[in-house]
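Visitor: Provided below for reference: sequence and predicted model.
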Amino acid sequence: MTNDYYKTVKTYYDEDADDFDKRYWQNPVLQTIRQSFREEVKKHPFKNMLEIGYGTGLDMVHFAVTHPEVTVYGIDISGEMHRIATNRAKKKELERVVAAEGSVEDLERLFPGKRFDIIYVFFGALNTVSNLDETARILKKILNKDGIMVLTFVNKYYILGMLIEFIKLRFSNAFARLRPVWGGYSPVKYLPSRCYSPKEIINTFSGLDLQKKQGYSILHPAWYYHGLNRRLGRFRKWLWKADILLNNTFLWKFGEYTLFVFKMR
């Protein structure tokens with residue numbers, strides 16, 4: 001966590017922490033997607049779990065409430081996110097939430113000897129790791145036998161987003177995810193990160209059994225197209241249903257987010 005790359009990522013999220021919850025609670029698309037991610041985790045049995053990139057602790061607290069017998073561990077690189085998440089758990093008196101500050105490379109130091117039944121990542125925290133291959137090796141090492149990973153990524157090939165940016169004549173934005181380094185969502189703040197294709201992710205986590213793959217916002221506009229989503233109104237629910245059907249086709253791989261469920265052999 002000492003290299004310049006992680007320092008830049010940490011600074012970005014430290015500055016973003018105070019507005020994180022407000023942005024989420026004002027965005028029904030993000031709320032719907034998050035709940036879908038959560039339901040995927042709940043399909044599997046687990047006695048403990050680890051979240052990579054817990055942000056303000058929304059999901060750690062959620063699982064600690066819905067599964068009070070489970071210890072929920074988490075790491076986040078941002079000190080400000082750690083502060084907010086820790087306070088959130090304390091206010092609810094959730095003693096089985098263990099939030100630590102650090103990167104994936106710090107896991108063995110932060111939780112020595114720990115192995116987990118479920119490792120989950122929501123909203124693309126793995127897009128900001130310095131080396132995805134090394135991250136996969138670390139996560140495989142700490143996953144219990146028959147353990148599950150529920151991993152989500154910001155997708156490299158978001159076709160609808162490319163089309164929308166072309167229509168708006170924002171050609172640089174249209175190709176931003178294809179570059180070796182993506183700058184993140186913000187038009188004013190730079191977040192060093194990388195977008196991965198489904199093939200790259202599946203190859204990186206080879207050695208695990210791929211149980212499920214799913215795309216989000218294939219036809220439904222991504223969460224950050226606020227004006228378009230408002231204009232669509234109730235029609236958005238039909239686009240969400242269409243996305244569910246499209247996940248039975250090759251078009252699943254062209255959503256804004258991709259989700260993968262892997263199982264330890």
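Guide: All right, it came through fine.
Visitor: relative to its centroid, which residue of this protein is most remote?
Guide: Computed with C-alpha atoms, centre = their mean, the residue of the chain farthest from its C-alpha average is residue 169, at 28.7 Å.
Visitor: and it, how far is that from residue 222?
Guide: When distance is defined by C-beta to C-beta, to the nearest Å, residue 169 is 18 Å away from residue 222. Bear in mind the C-beta positions are built from the backbone N, C-alpha and C, glycine included.
Visitor: Longest strand in this protein, please.
Guide: strand 143-154 (DSSP state E).
Visitor: Could I get the phi/psi values of residue 205?
Guide: Backbone torsions for residue 205, taken as degrees, to the nearest 10, come to phi -100, psi 30.
Visitor: Same check on residue 75?
Guide: Dihedral pair for residue 75: phi -130, psi 150, per degrees, to the nearest 10.
Visitor: list the buried ones in the longest strand of the chain?
Guide: Neighbour-count burial for strand 143-154, counted by 16 or more other C-beta atoms under 10 Å, picks out 143, 144, 147, 148, 149, 150, 151, 152, 153, 154.
Visitor: next one: stretch 213-221 to chain centre, how far?
Guide: With C-alpha atoms, centre = their mean, to the nearest Å as the basis, stretch 213-221 stands 14 Å off its chain's centre.
Visitor: Can you get me the start-to-end distance on it?
Guide: End-to-end distance for stretch 213-221: 20 Å, by C-alpha to C-alpha, to the nearest Å.
Visitor: Averaged pLDDT, it. What do you get?
Guide: For stretch 213-221, the mean per-residue pLDDT is 98.
Visitor: List the neighbours of that stretch that are in contact with it.
Guide: Stretch 213-221 is contacted from outside by 29, 33, 36, 155, 158, 160, 164, 198, 202, 223, 228-229, 232, 236, 239-240, 242-243, 246-247, 251-261, using C-beta atoms under 8 Å, 6 or more residues apart in numbering.
Visitor: Okay, and which of the residues you listed map to strands?
Guide: Going by DSSP E, the strands hold 257, 258, 259, 260, 261 from the contacts of stretch 213-221.
Visitor: any idea which of those is closest to residue 138?
Guide: residue 260 (16.8 Å; C-beta to C-beta).
Visitor: list the buried ones in the lengthiest helix in the chain?
Guide: Longest helix in the chain, counting residues (DSSP state H): helix 4-25. For helix 4-25, burial by neighbour count (16+ other C-beta under 10 Å) applies to 6, 9, 10, 12, 13, 14, 16, 17, 20, 24.
Visitor: The last one: what's its closest spatial neighbour, skipping adjacent residues?
Guide: It refers to residue 24. Excluding the flanking residues, the one nearest residue 24 by C-beta to C-beta, 6 or more residues apart in numbering is residue 30, at 5.5 Å.
Visitor: Show residues contacting the longest strand of the chain.
Guide: 37, 40-41, 44, 46, 115-124, 126-127, 139, 177, 182, 193, 195-196, 201, 205, 208, 211, 256-264.
Visitor: Give the other helices and strands that the helix or strand of the chain with the lowest mean pLDDT contacts.
Guide: Sorting the helices and strands of the chain by mean pLDDT, DSSP states H and E puts helix 4-25 at the bottom, at a mean of 93. Contacts defined by 3 or more C-beta pairs under 8 Å, 6 or more residues apart in numbering; DSSP states H and E place helix 4-25 against helix 28-42, helix 79-91.
Visitor: Highest mean neighbour count out of the ones you listed?
Guide: helix 79-91 (a mean of 18; mean count of other C-beta atoms under 10 Å).
Visitor: Quick check: next helix or strand after that one?
Guide: For helix 79-91, the succeeding helix or strand toward the C-terminus, using DSSP states H and E, is strand 97-101.
Visitor: between that next one and helix 4-25, what angle do the directions make?
Guide: Following axes from the mean of the first three to the mean of the last three C-alpha atoms, to 10 degrees, one obtains 140 degrees for the angle between strand 97-101 and helix 4-25.
Visitor: who does strand 97-101 pair up with?
Guide: Counting by DSSP bridges, the strands paired with strand 97-101 are strand 71-76 (parallel).
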